[in-house]
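K.L.:
A structural model of the following input is requested.
(chains A and B)
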Amino acid sequence: AAGVIQSPRHLIKEKRETATLKCYPIPRHDTVYWYQQGPGQDPQFLISFYEKMQSDKGSIPDRFSAQQFSDYHSELNMSSLELGDSALYFCASSLPGFLNTEAFFGQGTRLTVV
Amino acid sequence: AQKVTQAQTEISVVEKEDVTLDCVYETRDTTYYLFWYKQPPSGELVFLIRRNSFDEQNEISGRYSWNFQKSTSSFNFTITASQVVDSAVYFCALSGDRGGTSYGKLTFGQGTILTVHP
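P.N.:
Numbers count the residues shown, from 1 in each chain, chains lettered A, B, ... in the order given. Prediction:
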(Lines give C-alpha, C1' and ligand atoms only; values in the text may rest on other atoms or scores of the structure.)
Protein backbone atom coordinates (compact mmCIF):
# COMPACT_ATOMS: atom_id res chain seq x y z
CA ALA A 1 0.00 0.00 0.00
CA ALA A 2 1.18 3.52 -0.73
CA GLY A 3 2.49 5.44 2.24
CA VAL A 4 3.38 9.02 2.97
CA ILE A 5 6.53 9.91 1.06
CA GLN A 6 8.93 12.51 2.35
CA SER A 7 11.94 13.83 0.51
CA PRO A 8 14.74 14.12 0.99
CA ARG A 9 15.34 11.58 3.74
CA HIS A 10 18.48 13.33 4.88
CA LEU A 11 19.59 16.92 4.39
CA ILE A 12 22.66 18.76 5.55
CA LYS A 13 22.66 22.54 5.39
CA GLU A 14 24.83 25.31 6.72
CA LYS A 15 23.65 28.03 9.05
CA ARG A 16 21.69 30.79 7.32
CA GLU A 17 20.92 28.61 4.34
CA THR A 18 17.45 27.66 3.14
CA ALA A 19 15.90 24.19 3.07
CA THR A 20 12.77 22.81 1.43
CA LEU A 21 11.18 19.61 2.66
CA LYS A 22 8.57 17.84 0.60
CA CYS A 23 5.70 15.60 1.59
CA TYR A 24 3.54 13.49 -0.69
CA PRO A 25 0.44 12.24 1.14
CA ILE A 26 -1.28 8.94 0.69
CA PRO A 27 -3.59 9.10 -2.37
CA ARG A 28 -7.00 10.60 -1.53
CA HIS A 29 -5.69 12.06 1.73
CA ASP A 30 -6.35 15.78 1.65
CA THR A 31 -5.02 16.72 5.09
CA VAL A 32 -1.33 17.11 5.82
CA TYR A 33 0.42 17.74 9.13
CA TRP A 34 4.02 18.72 9.84
CA TYR A 35 5.84 17.84 13.05
CA GLN A 36 9.34 18.61 14.29
CA GLN A 37 11.20 16.20 16.56
CA GLY A 38 14.41 17.50 18.13
CA PRO A 39 17.06 15.06 19.40
CA GLY A 40 15.70 13.09 22.34
CA GLN A 41 12.40 14.96 22.25
CA ASP A 42 8.83 14.20 21.35
CA PRO A 43 7.37 15.38 18.04
CA GLN A 44 5.94 18.89 18.16
CA PHE A 45 3.13 20.01 15.87
CA LEU A 46 4.12 22.73 13.43
CA ILE A 47 1.32 23.29 10.96
CA SER A 48 -1.47 21.53 9.09
CA PHE A 49 -3.35 21.94 5.82
CA TYR A 50 -6.76 20.81 4.72
CA GLU A 51 -7.81 21.11 1.10
CA LYS A 52 -4.84 23.35 0.36
CA MET A 53 -5.70 25.81 3.10
CA GLN A 54 -3.82 26.18 6.36
CA SER A 55 -6.04 24.62 9.01
CA ASP A 56 -3.97 24.94 12.17
CA LYS A 57 -0.68 26.33 13.33
CA GLY A 58 1.52 25.28 16.18
CA SER A 59 4.90 26.46 17.37
CA ILE A 60 6.28 27.14 13.91
CA PRO A 61 8.98 29.83 13.68
CA ASP A 62 8.35 32.81 11.44
CA ARG A 63 11.37 31.70 9.40
CA PHE A 64 9.38 28.68 8.33
CA SER A 65 6.55 28.65 5.84
CA ALA A 66 4.55 25.88 4.27
CA GLN A 67 1.90 25.30 1.69
CA GLN A 68 -0.18 22.57 0.18
CA PHE A 69 -0.43 22.35 -3.58
CA SER A 70 -3.25 21.38 -5.93
CA ASP A 71 -2.05 17.77 -6.00
CA TYR A 72 -2.14 17.81 -2.16
CA HIS A 73 1.58 17.50 -1.73
CA SER A 74 3.04 19.90 0.79
CA GLU A 75 6.34 21.72 1.16
CA LEU A 76 7.92 23.11 4.29
CA ASN A 77 10.31 25.97 3.55
CA MET A 78 12.86 26.88 6.17
CA SER A 79 15.01 29.99 5.82
CA SER A 80 17.92 31.43 7.78
CA LEU A 81 18.59 28.04 9.23
CA GLU A 82 19.91 27.83 12.77
CA LEU A 83 21.74 25.03 14.53
CA GLY A 84 18.62 24.46 16.64
CA ASP A 85 16.63 23.60 13.54
CA SER A 86 18.47 20.29 13.36
CA ALA A 87 15.73 17.75 13.86
CA LEU A 88 13.65 15.01 12.35
CA TYR A 89 10.74 16.49 10.43
CA PHE A 90 7.68 14.33 10.01
CA CYS A 91 4.81 14.73 7.66
CA ALA A 92 1.53 12.91 8.26
CA SER A 93 -1.58 12.68 6.14
CA SER A 94 -5.14 11.67 6.80
CA LEU A 95 -8.57 11.49 5.24
CA PRO A 96 -11.18 14.11 6.09
CA GLY A 97 -12.41 13.59 9.61
CA PHE A 98 -8.97 12.88 11.00
CA LEU A 99 -10.23 11.09 14.00
CA ASN A 100 -12.08 8.56 11.93
CA THR A 101 -8.74 7.30 10.81
CA GLU A 102 -5.26 7.47 12.16
CA ALA A 103 -2.78 9.91 10.74
CA PHE A 104 -0.18 8.07 8.72
CA PHE A 105 3.35 9.34 9.19
CA GLY A 106 6.10 9.45 6.62
CA GLN A 107 9.57 8.19 7.44
CA GLY A 108 10.76 11.69 8.18
CA THR A 109 13.44 14.01 6.88
CA ARG A 110 16.49 14.31 9.07
CA LEU A 111 17.80 17.86 8.79
CA THR A 112 21.25 18.63 10.10
CA VAL A 113 22.35 22.24 10.24
CA VAL A 114 26.11 22.74 10.56
CA ALA B 1 -4.29 22.96 26.97
CA GLN B 2 -3.53 19.33 26.57
CA LYS B 3 -0.73 17.42 28.21
CA VAL B 4 0.58 13.88 28.05
CA THR B 5 2.97 12.52 30.63
CA GLN B 6 4.93 9.32 30.33
CA ALA B 7 6.43 8.73 33.73
CA GLN B 8 9.13 6.33 32.62
CA THR B 9 11.95 7.87 30.62
CA GLU B 10 13.73 4.56 30.16
CA ILE B 11 12.89 0.95 30.86
CA SER B 12 15.26 -1.96 30.55
CA VAL B 13 14.03 -5.55 30.63
CA VAL B 14 15.24 -8.99 29.71
CA GLU B 15 13.59 -10.86 26.87
CA LYS B 16 10.34 -12.66 27.78
CA GLU B 17 9.59 -10.27 30.63
CA ASP B 18 6.32 -8.37 30.60
CA VAL B 19 6.61 -4.61 30.61
CA THR B 20 4.06 -1.83 31.12
CA LEU B 21 4.50 1.69 29.82
CA ASP B 22 2.51 4.31 31.68
CA CYS B 23 0.68 7.23 30.13
CA VAL B 24 -1.32 9.90 31.92
CA TYR B 25 -3.07 12.71 30.09
CA GLU B 26 -4.80 16.00 30.74
CA THR B 27 -7.48 17.53 28.57
CA ARG B 28 -10.55 19.71 28.91
CA ASP B 29 -12.24 18.09 25.94
CA THR B 30 -15.12 15.81 26.77
CA THR B 31 -14.34 13.66 23.76
CA TYR B 32 -10.79 12.94 22.77
CA TYR B 33 -8.57 10.30 21.25
CA LEU B 34 -5.52 8.53 22.59
CA PHE B 35 -2.78 6.93 20.57
CA TRP B 36 0.36 4.91 20.98
CA TYR B 37 3.20 5.09 18.47
CA LYS B 38 6.43 3.12 18.27
CA GLN B 39 9.62 4.74 17.03
CA PRO B 40 12.32 2.16 16.28
CA PRO B 41 15.96 3.17 15.85
CA SER B 42 15.33 3.73 12.15
CA GLY B 43 13.25 6.76 13.16
CA GLU B 44 9.84 6.29 11.61
CA LEU B 45 6.67 6.58 13.70
CA VAL B 46 4.66 3.39 13.65
CA PHE B 47 1.00 3.61 14.62
CA LEU B 48 -0.03 1.03 17.22
CA ILE B 49 -3.48 1.96 18.45
CA ARG B 50 -6.16 4.68 18.61
CA ARG B 51 -8.71 4.75 21.42
CA ASN B 52 -11.83 6.93 21.68
CA SER B 53 -12.52 8.47 25.06
CA PHE B 54 -16.02 7.05 25.14
CA ASP B 55 -14.81 3.50 24.64
CA GLU B 56 -13.17 2.23 27.78
CA GLN B 57 -12.94 -1.36 26.67
CA ASN B 58 -9.44 -2.69 26.97
CA GLU B 59 -7.83 -4.05 23.86
CA ILE B 60 -5.44 -6.87 23.14
CA SER B 61 -3.52 -7.35 19.93
CA GLY B 62 -1.15 -10.27 20.05
CA ARG B 63 1.47 -9.52 22.69
CA TYR B 64 0.23 -5.93 23.05
CA SER B 65 -2.55 -4.81 25.34
CA TRP B 66 -3.87 -1.45 26.39
CA ASN B 67 -5.63 -0.47 29.61
CA PHE B 68 -7.69 2.72 29.33
CA GLN B 69 -9.01 4.12 32.60
CA LYS B 70 -10.87 7.37 32.17
CA SER B 71 -11.30 7.80 35.92
CA THR B 72 -7.55 8.11 36.36
CA SER B 73 -6.83 9.65 32.92
CA SER B 74 -4.48 6.84 32.09
CA PHE B 75 -3.85 4.81 28.97
CA ASN B 76 -1.20 2.23 29.78
CA PHE B 77 0.44 -0.11 27.32
CA THR B 78 1.68 -3.59 28.18
CA ILE B 79 3.94 -5.80 26.13
CA THR B 80 3.77 -9.44 27.14
CA ALA B 81 6.79 -11.70 26.69
CA SER B 82 8.92 -8.88 25.35
CA GLN B 83 11.33 -9.47 22.47
CA VAL B 84 14.50 -7.72 21.39
CA VAL B 85 12.63 -6.32 18.38
CA ASP B 86 10.36 -4.43 20.78
CA SER B 87 13.30 -2.16 21.63
CA ALA B 88 12.23 1.32 20.58
CA VAL B 89 10.91 4.62 21.86
CA TYR B 90 7.21 4.50 22.57
CA PHE B 91 5.07 7.61 22.48
CA CYS B 92 1.63 8.12 23.91
CA ALA B 93 -0.34 10.90 22.20
CA LEU B 94 -3.62 12.77 22.57
CA SER B 95 -5.89 14.62 20.18
CA GLY B 96 -9.06 16.56 20.84
CA ASP B 97 -12.46 16.23 19.25
CA ARG B 98 -13.84 18.15 16.30
CA GLY B 99 -14.59 21.73 17.21
CA GLY B 100 -11.88 21.93 19.80
CA THR B 101 -8.60 23.74 19.44
CA SER B 102 -6.65 20.52 19.55
CA TYR B 103 -8.64 18.72 16.87
CA GLY B 104 -6.53 16.94 14.31
CA LYS B 105 -3.13 17.54 15.88
CA LEU B 106 -1.36 15.22 18.22
CA THR B 107 0.15 16.16 21.55
CA PHE B 108 2.85 13.65 22.36
CA GLY B 109 4.28 12.52 25.65
CA GLN B 110 8.02 12.67 26.17
CA GLY B 111 8.45 9.07 25.13
CA THR B 112 9.69 5.97 26.93
CA ILE B 113 12.86 4.31 25.71
CA LEU B 114 12.38 0.57 25.99
CA THR B 115 15.42 -1.67 25.76
CA VAL B 116 14.90 -5.40 25.68
CA HIS B 117 18.05 -7.41 26.32
CA PRO B 118 18.50 -10.94 25.01
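K.L.:
now the strands for the chain?
P.N.:
Chain wasn't specified; assuming chain A. A:5-7, A:10-13, A:19-24, A:31-37, A:44-50, A:53-57, A:64-68, A:74-78, A:87-94, A:104-105, A:109-113 (DSSP state E).
K.L.:
hmm, I had chain B in mind actually
P.N.:
In chain B, the segments counted as strands under DSSP E are B:3-5, B:10-14, B:19-21, B:24-26, B:32-39, B:46-52, B:59-61, B:64-69, B:74-79, B:88-96, B:107-108, B:112-117.
K.L.:
Out of those strands, flag the one nearest A:W34.
P.N.:
Closest to A:W34 of the strands of chain B is strand B:107-108 (C-beta to C-beta; 13.9 Å). No exception for glycine: its C-beta is placed from N, CA and C like everyone else's.
K.L.:
If you drop the residues flanking it in sequence, what lies closest to the residue nearest the centre of chain A?
P.N.:
Centroid-nearest residue in chain A, with C-alpha atoms, centre = their mean: A:W34, separated by 3.3 Å. Using C-beta to C-beta, 6 or more residues apart in numbering or on different chains and skipping residues adjacent in sequence, the residue nearest A:W34 is A:L46, 4.2 Å away.
K.L.:
gap between the one you found and B:G96?
P.N.:
A:L46 sits 17 Å away from B:G96, taking C-beta to C-beta, to the nearest Å as the criterion.
K.L.:
nearest to chain A, of the strands of chain B?
P.N.:
Chain A lies closest to strand B:107-108 among these, at 3.8 Å (C-beta to the nearest C-beta).
K.L.:
returning to that earlier point: same list, the strands of chain A, but as a markdown table with mean pLDDT please.
P.N.:
Output for these, formatted as a markdown table (pLDDT from 0 to 100):
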| stretch | mean pLDDT |
| --- | --- |
| strand A:5-7 | 96 |
| strand A:10-13 | 98 |
| strand A:19-24 | 98 |
| strand A:31-37 | 94 |
| strand A:44-50 | 93 |
| strand A:53-57 | 88 |
| strand A:64-68 | 97 |
| strand A:74-78 | 98 |
| strand A:87-94 | 94 |
| strand A:104-105 | 88 |
| strand A:109-113 | 98 |
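K.L.:
Turn these into TSV, columns for distance to B:T5.
P.N.:
Shown next, in TSV, are the strands of chain A (distance: least, C-beta to C-beta, whole Å):
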stretch	distance to B:T5
strand A:5-7	29
strand A:10-13	32
strand A:19-24	29
strand A:31-37	18
strand A:44-50	16
strand A:53-57	23
strand A:64-68	28
strand A:74-78	29
strand A:87-94	21
strand A:104-105	22
strand A:109-113	27
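K.L.:
quick one: low-confidence parts of chain B?
P.N.:
B:98-103 (pLDDT under 70).
K.L.:
need the residues of it near chain A, please.
P.N.:
Residues of chain B lying near chain A by C-beta under 8 Å from any C-beta of the partner chain: B:33, B:35, B:37, B:42-45, B:47, B:50, B:91, B:95, B:97-98, B:103-111.
K.L.:
quick revisit: does the residue nearest to the centre of chain A touch A:L88 like I think?
P.N.:
No. In this structure A:W34 lies outside contact range of A:L88 using C-beta atoms under 8 Å: 11.6 Å.
K.L.:
got the residues of chain A near chain B?
P.N.:
Of all the residues in chain A, those lying near chain B are A:31, A:33, A:35, A:41-45, A:48, A:55-56, A:58, A:88, A:90, A:94, A:97-99, A:102-108, A:110, going by C-beta under 8 Å from any C-beta.
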